[in-house]
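*Asks:* Fold the following and give me the result.
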Amino acid sequence: MAQQEAREGKLRPARRLTLADDVYESIKTLVMDHILPPGERVNIDALARELDVSPTPVREALARLEADGLVRKRPLSGYTTTPLLTRAEFDDLFEVRLLLEGATAGRAAAHASTEERQRISTEAAATIDVEAGDGYRRHAAFTALDATFHDLIAEVAGSPLLRESITRLHSHLHLHRLYFPVTGAPDTNTEHQRIAAAIAAGDSDAAAEAMRAHLTAARERHLPAFDQLPAAGAPRDPA
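*Replies:* Residues are numbered from 1 along each chain as shown. Have a look, this model is predicted:
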């Protein structure tokens, strides 16, 4: 009953002019807020009824969410929501990010044009304060800006393979779905600006180090999701 009430609070009829995007965002919010719990089968027909749309845009949204790493499709079984990161997966994710994104920031500092350095500085200075609201919608803008900043650096680095590897991690979605440290937003902003300043100065070593320091700090901000539970437990549902 409580879960159904929560679903009703998150869902609303989709706007017809932006149907595909609206359905995608509605279902994404359900997944991010654990209204569709991790590891649960997704009922396409039920979602279509709740959103007052046909099953087609729901299937299209789920295909996009699969690309985001938020749902999985299994033969003959349909879609299920992706389980939360385990502590081992969490640690592994940051080890990979430290390797890839540190190198990427260094490459960006070496290869960026004047215009690209300005774009990175502008993104770093963007306001990423958490807005008032409830659940994922409260910090969706932060999530988007955080992802854009990291993706821009990967783009400027000039290595399509590096950029694709970083994008496929879907780290911003997995981490914010796991646990969102609201108090960390100002720290993230400051850390982004340090990375941008090093790239603007063309200092590859400083840019790589600033990125690694940012990721190390971000890792620490997310650890309470595990520390508040028994070692063998899964991260607590934040909803």
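*Asks:* Name the helix or strand for the residue lying closest to residue 191 once chain neighbours are set aside, please.
*Replies:* Spatial nearest neighbour of residue 191, excluding adjacent residues (Cβ to Cβ, 6 or more residues apart in numbering): residue 214 at 3.9 Å. Every C-beta, even on glycine, is put in place using the N, C-alpha and C of the backbone. Here residue 214 sits within helix 204-222, counting by DSSP states H and E.
*Asks:* Would you mind measuring from residue 207 to residue 120?
*Replies:* Residue 207 sits 10 Å away from residue 120, taking Cβ to Cβ, to the nearest Å as the criterion.
*Asks:* Then residue 75?
*Replies:* 42 Å.
*Asks:* So these two - more neighbours on which side?
*Replies:* residue 120 (26 against 5; other Cβ atoms under 10 Å).
*Asks:* tell me the contacts of the more buried one?
*Replies:* Neighbouring residues of residue 120 by Cβ atoms under 8 Å, 6 or more residues apart in numbering: 108, 112, 149, 152-153, 156, 195-196, 199-200.
*Asks:* Of those, just say which sits nearest to residue 32.
*Replies:* residue 149 (19.3 Å; Cβ to Cβ).
*Asks:* does the residue nearest to that closest one when sequence neighbours are not counted count as helix, strand or coil?
*Replies:* Using Cβ to Cβ, 6+ apart and skipping the chain neighbours, the partner closest in space to residue 149 is residue 123 (4.7 Å). With DSSP: H, G, I helix; E, B strand; the rest coil as the basis, residue 123 sits in helix.
*Asks:* looking at it, residue 123 is touching residue 147, isn't it?
*Replies:* No. Judged on Cβ atoms under 8 Å, residue 123 makes no contact with residue 147 at a distance of 10.6 Å.
*Asks:* ok, these two, which is more surrounded?
*Replies:* Higher neighbour count among residue 123 and residue 147: residue 123, with 20 against 16, using other Cβ under 10 Å.
*Asks:* Averaged pLDDT, the strand or helix carrying residue 116. What do you get?
*Replies:* Assigning secondary structure by DSSP H and E places residue 116 in helix 114-124. Averaged across helix 114-124, the pLDDT comes to 95.
*Asks:* you'd agree residue 124 is up against residue 196?
*Replies:* Yes. Using Cβ under 8 Å, residue 124 is in contact with residue 196, at 3.7 Å.
*Asks:* which of these two has more neighbours?
*Replies:* Remark: of residue 124 and residue 196, residue 196 carries more neighbours, 27 against 23, as counted by other Cβ under 10 Å.
*Asks:* got a list of what the more buried one touches?
*Replies:* Each residue near residue 196 by Cβ under 8 Å, 6+ apart is listed here: 120-121, 123-125.
*Asks:* any idea how far residue 206 is from it?
*Replies:* Using Cβ to Cβ, residue 196 is found at 11 Å from residue 206.
*Asks:* And for residue 94?
*Replies:* Relative to residue 206, residue 94 is positioned 21 Å away (Cβ to Cβ).
*Asks:* the strands in this protein, which residues?
*Replies:* With strands called from DSSP state E, the chain shows them at 71-74, 78-81.
*Asks:* Out of these, which gets nearest to residue 163?
*Replies:* strand 71-74 (23.4 Å).
*Asks:* which residues are in contact with the closest one?
*Replies:* In contact with strand 71-74 (Cβ under 8 Å, 6+ apart) are residues 31, 42, 62, 65-66, 79-82.
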